[in-house]
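Enquirer: Sequence plus the predicted model coming up.
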Amino acid sequence: MIRYLKRGRDVQARADDDAKVRGTVENIIRDIETRGDEAVREYSRKFDNWDPADFRLSQAKIEKAIKSLSARELDDIRFAQQQVRNFAQIQRNSMLDVEVETRPGVFLGHRHIPINAVGCYIPGGKYPLLASAHMSVLTAKVAGVKRVVATAPPFHGEPHPAIVAAMHLAGADEILVLGGVQAVVAMAVGTPSIAPVDMLVGPGNMFVAEAKRQLFGRVGIDLFAGPTETLVIADDSVDGELCAVDLLGQAEHGLTTPAVLLTTSEKLARDTIAEVERQLKILPTAEIAARSWADFGEVIVCDTDVEMLQKADEIASEHVQVMTRDPDYFLENMSNYGALFLGPRTNVAFGDKVIGTNHTLPTNKAARYTGGLWVGKFLKTCTFQRVVTDEASATIGEYCSRLCHMENFAGHGEQANIRVRRYGTRAEVPWYEPVQALHA
Ligand SMILES: NC(=O)c1ccc[n+]([C@@H]2O[C@H](COP(=O)([O-])OP(=O)(O)OC[C@H]3O[C@@H](n4cnc5c(N)ncnc54)[C@H](O)[C@@H]3O)[C@@H](O)[C@H]2O)c1
Ligand SMILES: [Zn+2]
């Protein structure tokens, strides 16, 4: 049986919020489409109080930002990037191009082709999320993307030096200081100063995620990566302090961050609720975390691991941290999650910042149909084929011709028939008389 000790806001209230955001974003996109650069500038002034001569950073400004960091800070960024680069490269190596002879004389294959130009959004509203530069820019570069544009909003009125350094060290070809919807629209449609990109990637708040969603089709997007969500699955092998730290650690992202505890231990559930209240008195980011916990936090008690698994798949959370006696049960059986964190020794912050897996992950139940950002998202898997013998051309041609006939496709049928006549031994294609006559 599944019991809620604490519930979040109802589904209707969340749907109303989504509808409001959709409308706001629609208007901004339409406005930028009609008025271009001028509108980009206006929204930048309005939302970020930011109106520089050029949104693009010069080489001198990039170097100045890097020089302002300490050796320790630069080294830490390099360490994180090395972990992300290494794992992205391992994943790239797992993706093989293929070319196989599927029937005598018939060769089919696919190649992974990098997208030409990608725009990476690095969030910087509440926190300067420099880790997103590793996750997007660097991974795109490992995939072989030629032109990578990276953009982040100003932080306290200026480019944030650690974000700029991380973008540069990750290999960004162009660095912009521009935030929100205006940044993603500018990269997607292009402006006199920003050449358009083919794909938008990276996380962002609900406005940024919704803008990417609305621009999909005109450009590619990686996935729906909106406000962070976290799910902790735990049994009585861990304590309330650890669970509360792991819930609040992610609840601090923003006011709409669901942090959910699923547990088979009612004692752990109650201990965690008490611990959350205690920690909220001392956590420096409690102002945000307390609101998201109050509105979106949930504590759910189940009887068995099987029940927890069912509920977890239904929630389809971005992050799922498993701290039970047998975490592998969830690895083997769970199907809907952005990323799994197995056992108490790791946690979501490791994945967010440094361990090497990508932190840009599906939210809003998108984990039902996609994983997170990874090197494969920057590659198009494109097929090719060739037929190298007369016999193969004629044999496939006969099947094709008959199948086209069933679908009433005369022109397609002729494409096949002409091969049958030229490369085959049959003098005629009996099942396709009318079109045959065209070539008599
Ligand atoms: N899903 C993931 O993989 C993932 C990973 C990391 C972070 N995140 C999420 O990224 C988000 C970052 O959000 P953030 O706000 O700190 O930074 P952000 O850079 O995404 O958004 C800031 C921008 O929002 C725009 N904005 C603010 N208020 C607006 C309004 N009323 N109308 C239109 N535009 C407005 C501004 O232009 C501003 O530059 C968080 O929600 C975090 O949870 C998600
Ligand atoms: Zn996080």
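Expert: Looks like it came in fine. Ligands and ions are numbered 1, 2, ... in the order given.

Enquirer: Burial check on whatever residue of the stretch 1-150 of the chain ends up closest to ligand 1, number of neighbours?
Expert: Nearest to ligand 1 in the stretch 1-150 of the chain, going by C-beta to the nearest ligand atom, is residue 125, at a distance of 2.7 Å. All C-beta atoms are positioned from the backbone trio N, CA, C, and that covers glycine. A count of nearby residues for residue 125, using other C-beta atoms under 10 Å, gives 18.

Enquirer: residues in contact with it?
Expert: 153, 179-180, 205 (C-beta atoms under 8 Å, 6 or more residues apart in numbering).

Enquirer: ok, 7 Å please
Expert: 153, 179, 205 (C-beta atoms under 7 Å, 6 or more residues apart in numbering).

Enquirer: ditto for residue 52
Expert: residue 177.

Enquirer: and the contacts of residue 125 near ligand 1, which?
Expert: Applying C-beta under 6 Å from any ligand atom to the contacts of residue 125, one finds that 153, 179, 205 fall near ligand 1.

Enquirer: Please list all residues in contact with residue 375.
Expert: 88, 91-92, 139, 142-143.

Enquirer: Mind checking which of those residues land in helices?
Expert: Residues of the contacts of residue 375 located in helices (DSSP state H): 88, 91-92, 139, 142-143.

Enquirer: sorry, back to before: and the ones next to ligand 1 among the contacts of residue 125 as a markdown table, adding pLDDT, secondary structure and distance to residue 84?
Expert: Shown next, in a markdown table, are these (pLDDT from 0 to 100; DSSP: H, G, I helix; E, B strand; the rest coil; distance: C-beta to C-beta, whole Å):
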| residue | pLDDT | secondary structure | distance to residue 84 |
| --- | --- | --- | --- |
| 153 | 98 | coil | 22 |
| 179 | 98 | coil | 23 |
| 205 | 95 | coil | 22 |
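
Enquirer: Most neighbours out of the residues you listed, which is it?
Expert: Neighbour max across the ones next to ligand 1 among the contacts of residue 125 (other C-beta under 10 Å) = residue 179, 28 neighbours.

Enquirer: so that one touches residue 153, yeah?
Expert: Yes: between residue 179 and residue 153 there is a contact under C-beta atoms under 7 Å: 2.3 Å.

Enquirer: Do a quick rundown of the strands in the chain.
Expert: 3-6, 98-103, 106-114, 117-121, 147-152, 174-177, 199-201, 220-221, 230-234, 259-263, 298-301, 319-323, 339-342, 379-387 (DSSP state E).

Enquirer: Can you name the residues of the stretch 301-440 of the chain that neighbour ligand 2?
Expert: residue 352 (C-beta under 5 Å from the ion).

Enquirer: do that again at 6 Å, thanks
Expert: Residues of the stretch 301-440 of the chain lying near ligand 2 by C-beta under 6 Å from the ion: 348, 352.

Enquirer: which stretches of the stretch 301-440 of the chain have low pLDDT?
Expert: 426-440 (pLDDT under 70).

Enquirer: what does it put close to ligand 1?
Expert: Contact residues (C-beta under 6 Å from any ligand atom) of the stretch 301-440 of the chain with ligand 1: 318, 359-361, 363.

Enquirer: Share the number of residues neighbouring the residue of the stretch 251-400 of the chain at minimum distance from ligand 1, please.
Expert: Residue nearest to ligand 1 within the stretch 251-400 of the chain: residue 253 (3.6 Å; C-beta to the nearest ligand atom). Residue 253: 24 surrounding residues under other C-beta under 10 Å.

Enquirer: Same check on residue 399?
Expert: 10.

Enquirer: again with residue 12
Expert: Neighbours around residue 12, by other C-beta under 10 Å: 8.

Enquirer: can you check residue 217 too?
Expert: 8.

Enquirer: Contact partners for it?
Expert: Counting by C-beta under 7 Å, 6+ apart, residue 217 has no contacts.

Enquirer: what does the one 5 residues further on give?
Expert: Contact partners of residue 222, counting by C-beta under 7 Å, 6+ apart, are 201, 360, 373, 377.

Enquirer: go again using 6 Å as the cut-off
Expert: By C-beta atoms under 6 Å, 6 or more residues apart in numbering, the residues touching residue 222 are 201, 373, 377.

Enquirer: Relative to residue 2, which of those residues is nearest.
Expert: Closest approach between the contacts of residue 222 and residue 2, by C-beta to C-beta: residue 373, at 32.0 Å.

Enquirer: Excluding chain neighbours, what is closest to the closest one?
Expert: The spatial neighbour of residue 373 that comes closest, neighbours along the chain excluded (C-beta to C-beta, 6 or more residues apart in numbering), is residue 360 at 3.8 Å.

Enquirer: Over to residue 182?
Expert: residue 43 (4.0 Å).

Enquirer: residues near that neighbour, how many?
Expert: Residues lying near residue 43 (other C-beta under 10 Å) number 21.

Enquirer: any idea how far ligand 2 is from it?
Expert: Residue 43 sits 27 Å away from ligand 2, going by C-beta to the ion, to the nearest Å.

Enquirer: any idea of the pLDDT on that residue?
Expert: Looking at residue 43, its pLDDT is 98.

Enquirer: just the ones next to ligand 1 among the contacts of residue 125 now: which is nearest residue 414?
Expert: Nearest member of the ones next to ligand 1 among the contacts of residue 125 to residue 414, counting by C-beta to C-beta, is residue 205, at 54.4 Å.
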